[in-house]
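[1] Sequence first, predicted model second:
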Amino acid sequence: MNIKILLIVLLILSLSFILVIQTLPLHSARENADAEHQAILSFLEGEELTLPLTAEEASHMQDVRVLHNAFKVLVIILALLTPYYFDKKVLEKLWIPIVVILGIALIAFLFPHQLFDLFHNVFFPQGNFTFPVDSFLITLYPATYFFSLAYWTLGITTGILLILYLGSILQHRLLT
């Protein structure tokens, strides 16, 4: 897969993730889950964190904030670079990342807990991501939230890539 395709895929994946994380329902048993979720999102954007977290949870959220800020910088860079790569030849090769993403989605569906652990081991190698089942973060964000976040992000990304790919194929057939 060439760099042009990779940049397009990363941009669409990143924008899909932003959309999903802002709109995905929590399905948390917590009474004030929506307000607490908004407090977490505000914290990620630079606000103070005033929720009743343990020291380990607060440490993890600080690490999440660092990752979130790095992600925002990546999205800005991708948004600046990627528009230059939207050409017919590149779009006609989008079937490759579509197949790759569908493979990743299948793996995520078959092995969600293992993929969750792999993600956290890669991005939080210090190990501050395991909490008791009754902890604030676990009750606010059950594992199913993260699984849904991944599935929806991959699904939306695949859908957008498929639209771009089919559009380029249709345009090619109509113009030749």
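    Cool, the structure landed.
[2] where does His60 sit relative to Pro97, distance-wise?
    His60 is 31 Å from Pro97, where distance means CB to CB, to the nearest Å. (Each C-beta comes from the backbone N, C-alpha and C, glycine too.)
[3] Would you mind listing the buried residues in the helix or strand hosting Ile156?
    Taking DSSP states H and E as the criterion, the element that holds Ile156 is helix 143-175. By neighbour count on 16 or more other CB atoms under 10 Å, the buried set for helix 143-175 is 145-148, 150-154, 156-158, 160-161, 164-165, 168.
[4] pull the helix or strand with minimum mean pLDDT from the protein.
    For the chain, using mean pLDDT, DSSP states H and E, the weakest element among its helices and strands is helix 88-91, scoring a mean of 80.
[5] Show me what the next helix or strand after that helix is packed up against.
    Secondary structure here is assigned by DSSP H and E; on that basis, the next helix or strand after helix 88-91 toward the C-terminus is helix 95-110. Using 3 or more CB pairs under 8 Å, 6 or more residues apart in numbering; DSSP states H and E as the contact criterion, the elements in contact with helix 95-110 are helix 3-23, helix 143-175.
[6] Can you list the low-confidence ranges for this structure?
    Scanning the chain for pLDDT under 70 picks out the ranges 1, 84-85, 176.
[7] Could you name the helices and strands sitting against the least confident helix or strand of the chain?
    In this structure, helix 88-91 makes packing contacts with helix 3-23, helix 143-175, judged by 3+ CB pairs under 8 Å, 6+ apart.
[8] Could you export those helices as JSON lines, including distance to Leu115?
    Supplementary listing: the helices and strands packed on helix 88-91 in JSON lines, determined by distance: least, CB to CB, whole Å:
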{"stretch": "helix 3-23", "distance to Leu115": "15"}
{"stretch": "helix 143-175", "distance to Leu115": "7"}
